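>>> have a look; sequence and predicted model below, questions after that.
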Amino acid sequence: MKPRCAAIFGYNEYSKQIVKQISSTYDNVGVFVIDEAEFLEAKNAGINAGRFDLSDDWQSFETQFDVEGLIVFCALADDAENVFLTISLRATFDNLFIIALAQDNESMMKMKSAGADKVMPILQIAANVIHDILSKPIMTQVLHDVLYEDSLLNIMEIEVKDTSPLNGQYLHDLHFKRDFDLILLAIVDQEMGTTFSFASKGHNHHIDAGDILVFMGYADKLNVIKQWNSGVRV
Amino acid sequence: MLSRWVVGFAFFLHTCHFYQRAKIFFYNLLENQNYKYKKSFDIFMMGLIFLSVYILVRSVKHEIPHGWLIFNNFVISMIFLIEYLLRFWLHGNSSKVIIEQYESDLFFHRPFSFSSALRTIFLQKIEYVFSPTAIIDLLAIMPFFHEFRLLRIFILFRVLKIFRYAKSLQRLMSILATKKFEIFTLIVFTLIMIMVSSVSIYVMEAHNPASKINTLFDAVYWSVVTIFTVGYGDFVPVTHGGRIVAMMIIVSGIAVISFATSIVVSAFTEKLDEIKEEKMIDRVNTLKRMYLVCGFSPLAHEVIRKLHKHHVPIVVLEKDINKVQQARNDGLLALHYDSASLHTYSHLKFDFEHQIEAVILLHESDVSNIYTALTIRELTKRIALYSVLQHPENRKKLFLAGINHIVNTYELVGMMSKIIARQPVAFEVIHALRSEETSTIIDEIILDSQMKDRFYALLDEPLFYQRFSVLGIYSTQSKFFHFNPHPDSSIESGDVAIVLANRGLIEEFRAKLHRKGKS
């Protein structure tokens, strides 16, 4: 099994938190900075730090990481530099999974255009949370526990395999709540591109191999459906 | 003996609950612009003034029913008299003056000087009696003495009394009051011009039989009409000397008008921002519920944009005038005040308990947010405080400052990174549901114990079946979230169902639940 690696560009409050959160999940986490002072600060904090510039020389980067299966966080403080970094990485590495931070929606669109796979619009995320705490405090607390705390409840996405019993079924013929004690939140249909539709829309969706289903449920039940999807009889 | 009785009576009044409450009530009614019944009272008084003026003007050439005259001469005038006496009573605090004098004399081992106290009270009252508004009030009562027909001219003072009740007129007067010196200079300049021109035209014209200007009064009248560029033409100079004077006066008249206009315009220009601010404060004070946002940062802009969907007014407090202007350009109710200052709240007179739903602290520094939180906590312990946290190490300080809910964007981004790296699609789904950018949302429905059967029965209706997901029920008593509840699960009053469905469908579900609940 290949080691799971993550590279984070920029050393600021955001990247410090990213390092803190993902260190336990990844075998190798590296931080790349432009500035010498940031480099020394990261080194002093015991982080595996490296230098980079915004030219197209990615040799040192490639020597440190196997870009296959690598996940990259573009977290530079300046949005313009972050867009440039994203587009530079995408121009060099076609299959790199890039997550970029954007200050607002305007920058988010640019990041997406630059080739980021996922963009986190910081202002919108914070505003959503503040709004939700004010208007739907209980829902916010429940979701927070499910997503970020060590709760028994979790969310999980599973990709439908060719051999999966789910392949070829209609959504309305399946009773995840009754049979698995799980709630299906959304489906990403491979035929319809990467956009997802919510299970509660009422469409009797035809599930094909490659579709991604997003479930919410207890960890043990999620494991059951994960195994079932991979063809194991449960 | 009298002194002791007076002091005793003063102490009695000072501690009499009923007396003090009555005094506060009348003070609020007559003077406190923020008192809820003040506006109604002002409208009532203005109505009386207009009615009174109408009756008296109509009586000049028409027969007025006797009842109307009685109403005008006695009822309206009596109300004005009572108002005058109430204002007279409220001006100063006589019992306090007596007590202070008594305590001061007692401290210095002197006999109580009743005359000193009386003098102070007299000076306070006389100050009121000779104030311009009180004089107008008193003269406005004069038409009461209907038998003195000449006094009916005092009806004019009833019109002037409107100044007391119309806030915009008060504002106009206060603006002009800032230009006292300029207005005084203008008046002196105009009077000198009238005097000089009157004497000049009289000297030039009075001796000429063809001229109509024969008296000094005619000359003054002509001068005033000419200086103020009216020029009726009923009096015209006929001599060369008189016409030269006229030409000079006409040119000077333009200067007078220009000077007067410039004074008024500059006074208004200087006070324009203040007027706008006052109007905005008035508007804010009329709001029954609102969110108070302290600090207009880019995050505040985004939070407000989202909160607008709830149709709850939002008031922004920001001390940077450029940001205030930016917020106003966005159509927000933004006030140029320091949210961390107690003076701000004493001036704005917010009712924290009833008017404000929540205070959201969105300054770009933890220091400002903590300082603002402490200021608000000095005023009220009850209001919910929400704050953004800039540096994680300050979290405890924010809690100590009394902030109930803290949001740290750095931590949020860190936690989300973990999810997004492991389950990017799941992250997208949750983000889309939370941002309410799609028609499907996650929402809360508050339940009561009576709704249990109906709640589960509704889920089986064709409209909701397969389209309405109940993620779980949160028990407010046990603080436990029952995921995917069984139809036999109990529901207690105040429990909250977390549901996932189309926005419209959730509304329909809520309505049906409520409708059936009533039947």
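Cool, the structure landed. Values in this document were obtained by computation on a predicted structure and should not be read as measured data.
>>> what about the closest residue to residue B:27 other than its chain neighbours, how many residues nearby?
Excluding the flanking residues, the one nearest residue B:27 by CB to CB, 6 or more residues apart in numbering or on different chains is residue B:90, at 5.4 Å. In short, each C-beta sits where N, CA and C put it, glycine included. Other residues near residue B:90 come to 16 when the count uses other CB atoms under 10 Å in any protein chain shown.
>>> just say helix, strand or coil for the residue nearest in space to the middle of chain B.
Closest to where the C-alpha atoms of chain B average out (CA atoms, centre = their mean) is residue B:282, at 2.6 Å. Here residue B:282 is recorded as helix under DSSP: H, G, I helix; E, B strand; the rest coil.
>>> quick one: it from residue B:171, how far?
Noted for residue B:282: a distance of 11 Å to residue B:171, by CB to CB, to the nearest Å.
>>> kindly report the same for residue B:389.
Distance, residue B:389 to residue B:171, by CB to CB: 43 Å.
>>> how about residue B:333?
In this view, residue B:333 and residue B:171 are 20 Å apart by CB to CB.
>>> so who does residue 38 touch?
Just so you know, I chose chain A. Residue A:38 makes contacts with A:10, A:11, A:12, as judged by CB atoms under 8 Å, 6 or more residues apart in numbering or on different chains.
>>> can you look at chain B instead?
Applying CB under 8 Å, 6+ apart, we find residue B:38 in contact with B:28, B:29, B:32.
>>> tell me which of the residues you listed fall in helices.
Among the contacts of residue B:38, DSSP state H puts B:28, B:29 in helices.
>>> in a markdown table: the contacts of residue B:38, plus distance to chain A, pLDDT and neighbour count.
Formatted as a markdown table, the contacts of residue B:38 follow (distance: CB to the nearest CB, whole Å; pLDDT from 0 to 100; neighbours: other CB atoms under 10 Å in any protein chain shown):
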| residue | distance to chain A | pLDDT | neighbour count |
| --- | --- | --- | --- |
| B:28 | 34 | 89 | 16 |
| B:29 | 37 | 90 | 17 |
| B:32 | 33 | 84 | 13 |
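>>> show me which of the contacts of residue B:38 is closest to residue B:78.
Of all the contacts of residue B:38, residue B:29 has the smallest distance to residue B:78: 17.2 Å, by CB to CB.
>>> and the closest one, how far is that from residue B:465?
Distance, residue B:29 to residue B:465, using CB to CB: 61 Å.
>>> in chain B, which residue sits nearest chain A?
Here chain B gets closest to chain A at one residue, residue B:414, 2.8 Å apart by CB to the nearest CB.
>>> so who does that residue touch?
Counting by CB under 8 Å, 6+ apart, residue B:414 touches A:14, A:16, A:17, A:18, A:20, A:21.
>>> residues contacting the residue nearest to residue B:27?
Contact partners of residue B:90, counting by CB under 8 Å, 6+ apart, are B:23, B:26, B:27, B:30, B:31.
>>> next: residue A:16.
Applying CB under 8 Å, 6+ apart, the residues near residue A:16 are A:45, B:410, B:414.
>>> please identify the helix or strand for the closest residue to the first one other than its chain neighbours.
Once its chain neighbours are removed from consideration, residue A:45 has its nearest residue in residue A:16; the separation is 7.9 Å (CB to CB, 6+ apart). For residue A:16, the enclosing helix or strand under DSSP states H and E is helix A:13-22.
>>> quick revisit: quick one, grab the pLDDT at the residue nearest to the centre of chain B.
Predicted confidence (pLDDT) at residue B:282: the value is 83.
>>> pull the helix or strand with minimum mean pLDDT from chain A.
None of the helices or strands of chain A scores lower by mean pLDDT, DSSP states H and E than strand A:196-198, at a mean of 66.
>>> residues in contact with the following helix or strand past that one: which ones?
Counting by DSSP H and E, the element after strand A:196-198 in chain order, helix or strand, is strand A:212-218. Residues from elsewhere that reach strand A:212-218 (CB under 8 Å, 6+ apart): A:146, A:152-160, A:166, A:176, A:180-188, A:196, A:207, A:222, A:225, B:423, B:425-426, B:429, B:471, B:483-484.
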